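[1] model this:
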Amino acid sequence: MLTEEERSFLRYWEHNRARKKRMWWQLAAGMPLAVALITAILINVFSGWFRGATAALQMRPSLLLTVLGATLLIVVFIVVFSAKHRWDQNEQRYRELLLRERNEPPFS
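    This next block holds a predicted model:
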């Protein structure tokens with residue numbers, strides 16, 4: 001027998017599974033994690049605690065574009081990967097609950 005929480009998840013996921021699979025939604029959902037990571041990376045790069053990186057950025061300013069491009073790629077990867085993983089987890093839970101619901105005896 002399914003609990004009320006499991007039933008409410010089934011209803012929720014039936015209505016929202018197609019919307020949450022879209023790329024735009026995945027980008028929006030994973031953005032806070034990516035922004036936090038990129039902020040930490042940029043603070044480390046520009047804080048000057050690693051003198052070799054600071055010297056390299058001062059000698060070749062074009063490295064700044066490389067750092068910004070790399071952070072953009074990291075953001076896209078983290079956002080898409082985390083959103084797809086979360087969607088897969090919810091989809092798996094949804095299918096497991098549907099199977100449990102179908103296999104229940106009618107009068108238990």
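
[2] Contacts only, for Glu6.
    Applying Cβ atoms under 8 Å, 6 or more residues apart in numbering, one finds that Glu6 lies in contact with Leu97. Backbone N, C-alpha and C define where each C-beta goes, glycine included.

[3] From His15, how far out is it?
    Distance of Glu6 to His15, computed by Cβ to Cβ, to the nearest Å: 15 Å.

[4] cool, Phe77 as well?
    Relative to His15, and taking Cβ to Cβ, Phe77 is found at 29 Å.

[5] show me what contacts Gly48?
    Thr54.

[6] more crowded one of Phe77 and His15?
    Phe77 (12 against 9; other Cβ atoms under 10 Å).

[7] what pLDDT does the residue nearest the centre of the chain get?
    Residue closest to the mean C-alpha point of the chain, counted by Cα atoms, centre = their mean, is Ser82 at 2.6 Å. Per-residue confidence (pLDDT) for Ser82: 82.

[8] Is it within a helix or a strand, and which one?
    Assigned by DSSP states H and E, Ser82 belongs to helix 63-102.

[9] And that helix, what does it pack against?
    Applying 3 or more Cβ pairs under 8 Å, 6 or more residues apart in numbering; DSSP states H and E, one finds that helix 63-102 makes contact with helix 4-21, helix 23-46, helix 51-59.

[10] which residues are in contact with the longest one?
    Outside helix 23-46, the residues that touch it by Cβ under 8 Å, 6+ apart are 19-20, 50, 53, 57, 67, 71, 74-76, 78-84, 86-87.

[11] shaky segments in the protein?
    Within the chain, the segments meeting pLDDT under 70 span 26, 29, 106-108.

[12] Repeat the analysis, applying 90 as the threshold.
    Where the chain drops to pLDDT under 90, the residues are 1-3, 15-58, 61-87, 101-108.

[13] rewinding a little: around the closest residue to the residue nearest to the centre of the chain other than its chain neighbours, how many other residues sit close by?
    Leaving aside its chain neighbours, Ser82 sits nearest to Gly30 (4.5 Å; criterion: Cβ to Cβ, 6 or more residues apart in numbering). Close neighbours of Gly30, defined as other Cβ under 10 Å, add up to 22.

[14] Noted, bye for now.
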